[in-house]
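Novice: model the following, please.
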Amino acid sequence: MCLSWGSQAWADDAPAINALIAAQSPTGGVVSLAAGTYDIASPIVLASRVRLQGAGVGATILHRDVGFTGAQVAFS
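Specialist: Model (predicted):
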C-alpha cells in the first residue's frame with residue numbers, strides 16, 4: 001500500500017507523516033512525500049517494513065523547526 005502526503009503551510013508536518021506510517025503497519029509499505037518542504041517540529045517515527053520516500057533529491061525537504069532539538073527521524 002502506498003499513501004501520500006503534501007505539506008501544509010506553517011504546520012508541524014510530523015504528526016500527519018506519523019499517522020501515514022502507522023496506517024502502513026504491521027504489513028509495511030511506502031509513505032510517499034510529494035515535492036515540497038516539510039516543517040518538522042517533532043520526531044518522525046519509522047515502523048518496521050515502512051519506507052519513507054520523497055520526490056527526489058532537492059525536491060522533498062525535511063526542514064527542522066527552529067525550536068526542535070530532537071532527532072528528526074527515529075526507528076521503532
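Novice: use CA for all of it now, contacts and neighbours both
Specialist: Will do.
Novice: got any ranges where this structure has weak pLDDT?
Specialist: Residue ranges of the chain with pLDDT under 70: 1-10.
Novice: tell me the phi and psi of the residue positioned nearest the centre of the chain?
Specialist: Centroid check for the chain by C-alpha atoms, centre = their mean gives Ile17 as the closest residue, at 4.1 Å. When read as degrees, to the nearest 10, the backbone of Ile17 gives phi -60, psi -40.
Novice: again with Gln24
Specialist: Residue torsions, per degrees, to the nearest 10, at Gln24 are phi -80, psi -20.
Novice: same check, this time on Thr60
Specialist: Residue torsions, per degrees, to the nearest 10, at Thr60 are phi -110, psi 120.
Novice: measure how buried the nearest residue to it once chain neighbours are set aside is and give me the count.
Specialist: Excluding its sequence neighbours, the residue lying closest to Thr60 (C-alpha to C-alpha, 6 or more residues apart in numbering) is Ala35, at 4.6 Å. Residues contacting Ala35 under the criterion other C-alpha atoms under 10 Å number 17.
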